[in-house]
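>>> Sequence and predicted model, in that order:
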Amino acid sequence: MEKKIILTGDRPTGKLHIGHYVGSLKNRVELQNSGDYETFIMIADMQALTDNARDPEKIRKSLTEVALDYLAVGIDPAKSTIFVQSQIPALSELTQHYSNLVSISRLRRNPTVKNEINQKDFGQSIPVGFATYPISQAADITAFKANVVPVGDDQEPMLEQTREIVRSFNNIYKQDILVEPTGYFPPKGQGRIPGLDGNAKMSKSLNNAIYLSDDEDTLQKKVMSMYTDPDHIHVEDPGKVEGNTVFTYLDIFDPDKAKVQELKDQYRQGGLGDVKIKRYLNEVLQAELKPIRDRRNEYAKDIPAIYDMLRKGSDYANTIANQTLKEVRDAIGINYFD
């Protein structure tokens with residue numbers, strides 16, 4: 001059976017948090033280690049610049065942070081190709097070709113783009129690059145002929161737009177060059193975990209995230225500040241588990257499901273304080289994140305090696321993307337001098 005190809009990645013706008021870890025990174029490591037896939041993992045610096053063009057230093061600084069997080073969680077450059085988006089010129093040309101196949105009205109209907117535009121409060125000053133980044137994502141995916149894309153649930157509209165572009169291209173140019181991707185989603189309920197403040201989304205911009213690189217003391221302070229049940233004032237008061245961030249995290253991270261159920265029952269009945277369950281959650285998260293943090297600290301001792309890894313990965317990614325671009329140009333008929 002032909003090996004499946006994965007393309008996935010993250011924007012380098014800071015260190016990665018446990019929402020990334022649960023939502024996509026664990027899946028990537030599992031798929032990588034299965035041996036059934038060829039995996040390409042992209043640090044999407046060009047996509048990050050679509051709304052950070054006036055602060056490129058932020059992107060440059062974040063490049064190594066994201067790479068360190070990848071290595072720390074177990075992504076292995078011997079098994080996965082880790083590369084930098086801006087170092088693959090073919091992606092920009094593919095984006096240009098695909099942009100001729102997508103209407104402005106179709107881009108405006110993309111619910112993922114609409115939500116992110118509202119979150120970033122662009123008003124009428126939406127950068128063109130940001131509004132059209134679904135086309136860029138289609139170029140990223142199709143350049144490597146990826147048929148599996150590990151994403152969060154909210155990214156399905158982006159995948160559908162890619163599939164539309166693939167179908168349009170193959171139909172217009174009477175070729176079967178581009179591949180339609182399918183999504184690989186996290187387990188139900190883990191696609192997006194809430195922030196420390198109970199907000200529906202953990203986010204760097206909302207300052208409500210636990211980062212993979214947080215030290216022991218920082219992690220403990222963040223856990224002890226977490227949102228629980230605002231009406232659970234006294235230990236003896238019955239408390240609500242639903243919407244209680246501490247229990248949401250325990251459901252995700254604690255392998256002892258019987259213990260979690262026992263705590264939920266006790267909390268609902270009254271007699272279990274918020275401090276106690278937060279201390280227990282801190283123990284669970286410390287056990288989960290300490291090995292990741294320790295590996296990250298070791299990799300951080302040799303930053304030149306990180307850049308060498310990214311250069312080698314980008315060199316290989318260039319070879320693959322350039323071949324796809326040649327096929328696309330041949331199909332369109334613009335390789336005039338070959």
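Received the coordinates, thanks.
>>> Could you use CA atoms for every contact and neighbour count after this?
Noted.
>>> which residues in the stretch 101-250 of the chain form helices?
Using DSSP state H, counting those that start in this stretch, the helices of the stretch 101-250 of the chain run over 104-109, 111-120, 128-131, 133-143, 156-172, 216-224, 245-253.
>>> contacting residues around the second one?
The set of residues that contact helix 111-120 without belonging to it, under Cα atoms under 8 Å, 6 or more residues apart in numbering, is L107, R108, I126, A131, P134, D154, Q155, P157, M158.
>>> let's go with 10 Å and repeat that
For helix 111-120, contacts defined as Cα atoms under 10 Å, 6 or more residues apart in numbering pick out 51, 107-108, 121-127, 130-134, 154-158, 205.
>>> List only buried entries from those.
In terms of neighbour count (16 or more other Cα atoms under 10 Å), the buried residues within those are D51, L107, F130, A131, T132, Y133, P134, Q155, E156, P157, M158.
>>> Look up the closest residue to L68, ignoring the ones flanking it.
R296 (5.9 Å; Cα to Cα, 6 or more residues apart in numbering).
>>> separation between the one you found and L71?
According to Cα to Cα, to the nearest Å, R296 stands 7 Å off from L71.
>>> And E38, by the same measure?
The gap separating E38 from L71 is 17 Å, by Cα to Cα.
>>> And S225, by the same measure?
In terms of Cα to Cα, S225 sits 29 Å off from L71.
>>> and these two? which has more neighbours close in?
More crowded of S225 and L71, by other Cα atoms under 10 Å: L71, with 18 against 12.
>>> Quick check: buried residues in the helix or strand that one falls within?
Here L71, judged by DSSP states H and E, is contained in helix 56-73. In terms of neighbour count (16+ other Cα under 10 Å), helix 56-73 has its buried residues at 58-59, 62-73.
>>> Verify the contact between D254 and E288 for me.
Yes. Counting by Cα atoms under 10 Å, D254 touches E288, with 9.0 Å between them.
>>> So P194 versus I172, what's the distance?
For P194, the distance to I172 (Cα to Cα) stands at 43 Å.
>>> neighbour count winner among those two?
Counted by other Cα under 10 Å, P194 and I172 do not tie: P194 has more neighbours, with 22 against 11.
>>> ok, and the helix or strand in this protein with the lowest average confidence?
When the helices and strands of the chain are compared on mean pLDDT, DSSP states H and E, helix 111-120 comes out lowest with a mean of 75.
>>> list residues touching both of D254 and E288?
With Cα under 10 Å, 6+ apart, D254 and E288 have no common neighbours.
>>> Those two: who's more crowded?
For D254 versus E288, the count of surrounding residues by other Cα under 10 Å is larger for D254: 19 against 14.
>>> Next up, phi/psi of the more buried one, please.
When quoted as degrees, to the nearest 10, the phi and psi of D254 stand at phi -90, psi 120.
>>> Could you find the closest non-adjacent residue to it?
Once flanking residues are discounted, D254 sits nearest to V284: 6.1 Å by Cα to Cα, 6+ apart.
>>> burial of V113, as a residue count?
Around V113 there are 20 residues (other Cα under 10 Å).
>>> Let me know whether Y267 touches D237 as I believe.
Yes. Counting by Cα under 10 Å, Y267 sits close enough to D237 to count as a contact (8.4 Å).
>>> Looking at the two, which has the bigger crowd around it?
Comparing Y267 with D237 by other Cα under 10 Å, the one with more neighbours is Y267, at 22 against 16.
>>> Just the pLDDT at the more buried one, thanks.
Y267 carries a pLDDT value of 96.
>>> ok, now which ones touch it?
Listed by Cα under 10 Å, 6+ apart, the contact set of Y267 reads H232, V235, E236, D237, P238, G239, K240, V241, Q261, G273, D274, I277.
>>> and with 7 Å instead?
Y267 makes contact with P238, G239 under the criterion Cα atoms under 7 Å, 6 or more residues apart in numbering.
>>> Next: the one 4 residues further on.
For G271, the residues meeting the contact criterion (Cα under 7 Å, 6+ apart) are V235, E236, D237.
>>> The first one: neighbour count?
If I follow you right, that is V235. Applying other Cα under 10 Å, I find that V235 has 15 neighbouring residues.
>>> wait, it sits on G273?
Yes. Using Cα atoms under 7 Å, V235 is in contact with G273, at 4.6 Å.
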